[in-house]
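In: Just need the structure, nothing else, for what follows:
(chains A and B)
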Amino acid sequence: MLPSEVNLQWRLIDLAKPHRYEFVAKTETATSPAEQPKIVDGEQFTVDLRDPLLAALLAWLIPGLGHIYQRRTAKGVLFMVCILGTFLYGWGLGGGKVVYAAWQPEIRRWPYLCQVWAGLPALPALAQRTMGNPFGETFMAAPKSAAELAAWQKELSGNFELGTVFTMIAGLLNLLAIFDAGAGPVGSVPEKEDKNKPDDRPPPDDESGGDDPTTTGQSSDPKTNP
Amino acid sequence: MWLAVLSMIPLVAAGDVNRFWYALPLIVSVSLVYSATRHEDMKHILVHALRFGAWVVGFMAVVFVLLYFVSRNL
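Out: Numbering: from 1, shown residues only, chains lettered A, B, ... in the order given. Purely as a prediction, here's the structure:
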């Protein structure tokens, strides 16, 4: 097993509450199969996060790309389709006018703080704001005045707000995906955080990044992680 | 309770309420992405997303009924 892998075993701990899972550590020095806890209905997986920072950056730039880089292709495609689909649908719903960056008092665009997490699809708006409309006067450009913004809202009716909400949610969803790419699924704990476990890992000599902090998963439950 | 639900039918049939359909892609998207950050296996992701989506729809229905009754006399 590569040192930069998370090897976790999910175990259903309460049949009456099927949403509750716990991690059970599974290491190379694990106990014999007979001593392993019985898996009622669980999920066992290995995650190689490779370079988590690079993966998180890629996940921000293009939703799902960080996971594809980590060879978690299915999840990457899922993130890409869901997040990009939501963003583009919202952008289209809002007539292509709902993603813009503006900080003038009358047209201050707070929603962009959420939209920007969708990454590259939202970045032209920032370039339009900071570099003086390099993509033209209409593509993701801010309205010139509050009157123009009001005209947009009147023209698009409620679709302006709907498109804004869709693009904001897409950005916030990508924030979850970025954390997933950088730190693995919720609940996984890097091995080096466990002070009680002896460091019996091999030296970092493989190309997948031996100093990757996310290694063998450990249970955060003291009952299962003495 | 059933009377309340029945009384909503004309409201739901009205054109303005068709905007509720816009929630559907959002619920699907949010459920799938949220579940995918908690599981690795696609089967577990889909099962979790189904439960989460059902929970969101139920929550929205409860809020809808509450708001409907609150705004009934406005």
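
In: Relative to chain B, how far out is the closest residue to A:Arg50 other than its chain neighbours?
Out: Closest residue to A:Arg50 apart from its sequence neighbours, by CB to CB, 6 or more residues apart in numbering or on different chains: A:Gln70 at 5.2 Å. Every C-beta, even on glycine, is put in place using the N, C-alpha and C of the backbone. Going from A:Gln70 to chain B by CB to the nearest CB, to the nearest Å gives 11 Å.

In: likewise A:Arg50?
Out: 15 Å.

In: for the chain, which spans come out with low pLDDT?
Out: Using chain A. In the predicted model, chain A carries pLDDT under 70 at residues A:1-46, A:187-226.

In: my question was about chain B
Out: Applying pLDDT under 70 to chain B flags the ranges B:1-17.

In: Was I right to think B:Ala36 contacts B:Val47?
Out: No - checked against CB atoms under 8 Å, the pair B:Ala36 and B:Val47 is beyond contact range at 12.0 Å.

In: Between the two, point out the one with more neighbours.
Out: Taking neighbours as other CB atoms under 10 Å in any protein chain shown, B:Ala36 and B:Val47 compare with B:Ala36 leading, 28 against 14.

In: wait, does stretch A:110-119 contact chain B?
Out: No - Stretch A:110-119 stays out of contact with chain B when judged by CB under 8 Å from any CB of the partner chain, the minimum separation being 12.1 Å.

In: can you count the residues close to the closest residue to chain A within chain B?
Out: Ranked by CB to the nearest CB, the top residue of chain B for proximity to chain A is B:Glu40, at 4.0 Å. B:Glu40: 22 surrounding residues under other CB under 10 Å.

In: go on, A:Met168?
Out: 23.

In: check which helix or strand covers it.
Out: Under DSSP states H and E, the secondary-structure element containing A:Met168 is helix A:159-183.

In: about what we covered before: secondary structure class for the residue of chain B closest to chain A?
Out: Using DSSP: H, G, I helix; E, B strand; the rest coil, the structure places B:Glu40 in coil.
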